[in-house]
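Participant: just a sequence and a predicted model for now, questions to come.
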Amino acid sequence: MSVWLFASLAFLSNTGREITKGIVDVKGDAAEGIKTLAVRYGEKNAAKAAVAFYISAVRSDAAPLALAVGLLLVHPVSSYYPTLDLFCYPLSSKAL
C-alpha cells in the first residue's frame, strides 16, 4: 500500500506543478501551438485545476498518518498558502 500511496502523491503533486508551469509559459505555448490547459481553457481555469491536484496531494499525504493515529491532522500553512495564492491570483507571474 505504501508504494501506491507514494506513487499517487508524486503523481498528484507533479501534475499540479506541470499545470502551474504551463501557466507561466502560456504566451510561448500559444505562439508555438502547444495546447496546455492554460492555453486551451485560460490561466484561471488552469490554476483551479492545479489547485485541485495540489490539495489532493496534501490531503493524501495526511491520510495514512491520520488513520494510523486516529487524529485529523492539520497541515501547516506553508502547505496551503502557495496553493491558495495561485487560486486567488491565477497570473503567470504568481505561478513562478
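Facilitator: Everything's here; your move. Numbering: from 1, shown residues only.

Participant: how about stretch 46-66, which residues are buried there?
Facilitator: 46-58, 60-61 (16 or more other C-beta atoms under 10 Å). For glycine as for every other residue, the C-beta is placed from the backbone atoms N, C-alpha and C.

Participant: an error on my part: the question was meant for stretch 22-33.
Facilitator: Quick answer for stretch 22-33 (16+ other C-beta under 10 Å): 22-26, 29.

Participant: tell me which of the residues you listed fall in helices.
Facilitator: In helices, defined here by DSSP state H, the members of the buried residues of stretch 22-33 are 22-24, 26, 29.

Participant: circling back: so which of the buried residues of stretch 46-66 sits lowest on pLDDT?
Facilitator: Taking those together, the minimum pLDDT is found at residue 61 (65).

Participant: check which residues of the host helix or strand of residue 12 are buried.
Facilitator: Per DSSP states H and E: residue 12 is located in helix 2-24. For helix 2-24, burial by neighbour count (16+ other C-beta under 10 Å) applies to 9, 12-13, 15-16, 19-20, 22-24.

Participant: and those residues, which is closest to residue 85?
Facilitator: residue 20 (11.2 Å; C-beta to C-beta).

Participant: re earlier: same for the helix holding residue 12, what does it pack against?
Facilitator: On a contact count with 3 or more C-beta pairs under 8 Å, 6 or more residues apart in numbering; DSSP states H and E, helix 2-24 meets helix 37-41, helix 43-69.
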